[in-house]
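# here you go, sequence then predicted model.
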Amino acid sequence: MSLEITYKLQMALANGSLNDSYASQTLKADQESTSARLIRNTMTITNVDVLIEPGSVLLPGWSVFKSLSTTATDYIDIGNYTGGTLYPLIRLYGGDEQLVRIGIAAANLYAVSNIVGGVELFYIIYDQTP
């Protein structure tokens, strides 16, 4: 199917006697033909709230975010920017990556890091899917 997005999730925990794992089957989502847009970008996120550049994407849908920092204590917060305040939903430490379906407008998708000089953020955002 030419309008299809596929993804698979897997997560595991091993901490002493505490063990857990989760793996989904391959999941699918359709992208409307009128929403055939995406952005694949890397940008520097400093300690000042900044719009995540959306390119031609109007309504973010399925997205991947990855911190390119190799320092474990560096982080990037990503979330909804409304009324001059960033409301973080995702925190990425050095090397972390996250698959998420965005539910806010591109104009409100912002990020900030804890590093004055900035942390590199790699991301892919597909335009909204139904």
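Good, I have the coordinates. Not measured: the values here are computed from a predicted model.
# hey, where'd the helices end up in the chain?
Applying DSSP state H to the chain gives no helices.
# the lowest-mean-pLDDT helix or strand in it: how far from the chain's middle?
Every helix and strand of the chain was ranked by mean pLDDT, DSSP states H and E. The lowest is strand 27-30, at a mean of 82. Averaging C-alpha positions (CA atoms, centre = their mean, to the nearest Å) puts strand 27-30 18 Å from its chain's average.
# now do the buried residues in that strand.
For strand 27-30, the neighbour count (16 or more other CB atoms under 10 Å) marks no residue as buried. All C-beta atoms are positioned from the backbone trio N, CA, C, and that covers glycine.
# if I look at the residue located most distally from the centre of the chain, how far off is residue 41?
For the chain, the largest distance from the centre (CA atoms, centre = their mean) belongs to residue 17, which lies 31.6 Å off. As for residue 17, its distance to residue 41 is 43 Å (criterion: CB to CB, to the nearest Å).
# the residue farthest from the centre of the chain: what's it in contact with?
Contacts for residue 17 (CB atoms under 8 Å, 6 or more residues apart in numbering) come out as none.
# let me know the pLDDT of it.
With respect to pLDDT, residue 17 scores 97.
# how far away is it from residue 8?
In terms of CB to CB, residue 17 sits 28 Å off from residue 8.
# with residue 27 instead?
7 Å.
# same check on residue 79?
Relative to residue 8, and taking CB to CB, residue 79 is found at 25 Å.
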